[in-house]
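[1] Everything below, folded, please.
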Amino acid sequence: MPDAPPLYLQQDQPEGVPPLALTGERTLPDVPEENYWYRRHLVVYEWIAERVAGRAAAGPDGGAPQKVVDLACGEGYGTAVLSRAASEAVGVDANPEAYEHARLRYSDGRTRFVRTLVETFDEPCDVLVFLQTIEHVQDPDAILERFRALIGPGGEAYVSTPNLLTLAPPGAEKSENPWHVKEYRAGEYRELLERHFGHVEILGLYHARKLRLHAWAIEHAGWDRVHKALRITKPFYDRFTPAIAASDFVLRSEADGADLDAALDFVAVLRP
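    Residues are numbered from 1 along each chain as shown. You can find the predicted model right below:
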């Protein structure tokens, strides 16, 4: 019988906050082995928080309140980031363990969590965030129609998903992630979104700084062969992976010449 895969738990949680286990369904902070994926998600949350702050400052009174809803919020770290720029941040997740963890770790005067399905959450908001989850959805058209109703005529939604072309093996129609129902190419993702929103802007997320150098070393210097030959794979990545920061990723728009087919993830900005 094969050995079970290792169970990774969050480290160093605040007193009274139960750590979550890494299952592959959602990313987690405080798990060194997961740090690449956590930072890849975090940089987008931080970018959205900056836009929320700018949106509020541009209001007619120079500080319009912004209610932000983070659907499928998972562990809650992203909702906490968004709360820095919002008058109220609401994290929504149906998973009981994730909900309880988020409620205990992040709830404060401007942050709260609701345990319910994305499909049944019905609180109107100014900004809606749905990151790295639409690929899990059986009926994305119905979900997007619901999002449009929740943000109303003046709201904004941010919906991200991984790029099929850089996630799955060449020629495959899907990666091996068992949680994903449908993975998108840039064109089909845009087509889906434009069925429901009048304004659709798609940005790409890419490696930067040391991750870009690491990718270059794999492609041009045979790094994968070298570290295996030197038998330093584990000690190298035990140091490299936890050292990855949000600044090792960058968002670029098509207006700036971004090639979306080469993006890691697509980040869509949507308005009615």
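[2] quick one: the closest residue to residue 132 other than its chain neighbours from residue 209, how far?
    Sequence neighbours aside, residue 160 is the residue nearest to residue 132 in space, at 5.7 Å (criterion: C-beta to C-beta, 6 or more residues apart in numbering). (Each C-beta comes from the backbone N, C-alpha and C, glycine too.) Distance, residue 160 to residue 209, by C-beta to C-beta, to the nearest Å: 21 Å.
[3] follow-up on the earlier one: quick one: contacts for the residue nearest to residue 132?
    Residues in contact with residue 160 (C-beta atoms under 8 Å, 6 or more residues apart in numbering) are 44, 130, 131, 132, 134, 205, 265, 266, 267, 268.
[4] what about the fourth one, which SS state?
    Of the three states, residue 132 takes coil under DSSP: H, G, I helix; E, B strand; the rest coil.
[5] tell me the contacts of it?
    27, 41, 160, 161, 162, 265.
[6] From residue 184, how far off is it?
    To residue 184, residue 132 is 12 Å away according to C-beta to C-beta.
[7] same question, residue 264
    In this structure, residue 264 and residue 184 are 13 Å apart, going by C-beta to C-beta.
[8] just the contacts of residue 160 now: which is nearest residue 22?
    Distance to residue 22 across the contacts of residue 160 (C-beta to C-beta) is lowest for residue 132, with 14.9 Å.
[9] Show me the strands in the stretch 101-250 of the chain, by range?
    For the stretch 101-250 of the chain, the strands defined by DSSP state E, counting those that start in this stretch cover 111-114, 127-130, 156-162, 199-207, 249-253.
[10] nearest to residue 216, of those strands?
    Closest to residue 216 of those is strand 199-207 (C-beta to C-beta; 9.3 Å).
[11] And the contacts of the closest one?
    Here strand 199-207 has contacts from 40, 43-44, 160, 163, 186, 189-190, 193-194, 212, 214-215, 248-254, 258-260, 262-272, using C-beta under 8 Å, 6+ apart.
[12] what's the answer for stretch 105-118, then?
    In contact with stretch 105-118 (C-beta under 8 Å, 6+ apart) are residues 13-14, 17, 71-73, 76-77, 79-80, 83, 86-94, 96, 99, 102-103, 121, 123, 130, 133, 143.
[13] Give me the buried positions along it.
    105, 106, 107, 110, 111, 112, 113, 114, 118 (16 or more other C-beta atoms under 10 Å).
[14] First-to-last residue distance for that stretch?
    21 Å (C-alpha to C-alpha, to the nearest Å).
[15] try stretch 125-135
    23 Å.
[16] Quick one: mean pLDDT over that stretch.
    Averaged over stretch 125-135, pLDDT sits at 97.
[17] again with stretch 75-83
    97.
[18] again, but for stretch 29-36
    The pLDDT scores in stretch 29-36 average 96.
[19] Likewise for stretch 100-109?
    Rounded to a whole number, the mean pLDDT of stretch 100-109 is 92.
[20] Tell me the bridge partners for the residue nearest to residue 132.
    Residue 160 forms beta bridges with residue 267, as assigned by DSSP bridges.
[21] Wait, residue 152 touches residue 127, no?
    No: look at residue 152 against residue 127 with C-beta atoms under 8 Å: they stay out of range, at 11.2 Å.
[22] ok, the two, which is more surrounded?
    Higher neighbour count among residue 152 and residue 127: residue 127, with 24 against 11, using other C-beta atoms under 10 Å.
[23] And the helices in this structure?
    Ranges of helices in the chain, per DSSP state H, are 35-57, 77-83, 96-106, 140-151, 164-167, 186-194, 209-220, 223-229, 233-240.
[24] Any stretches of the protein with poor pLDDT?
    The model of the chain has pLDDT under 70 over residues 1-6, 56, 59-63.
[25] and with 90 instead?
    Applying pLDDT under 90 to the chain flags the ranges 1-7, 23-25, 54-65, 107-110, 169-173, 176-177, 179, 226, 230, 254-257.
[26] before we move on, the earlier item: between residue 132 and residue 184, which contacts overlap?
    Residues touching both residue 132 and residue 184 by C-beta under 8 Å, 6+ apart: residue 161.
[27] intersection of neighbour lists for residue 152 and residue 127?
    Common neighbours of residue 152 and residue 127, counting by C-beta under 8 Å, 6+ apart, are absent.
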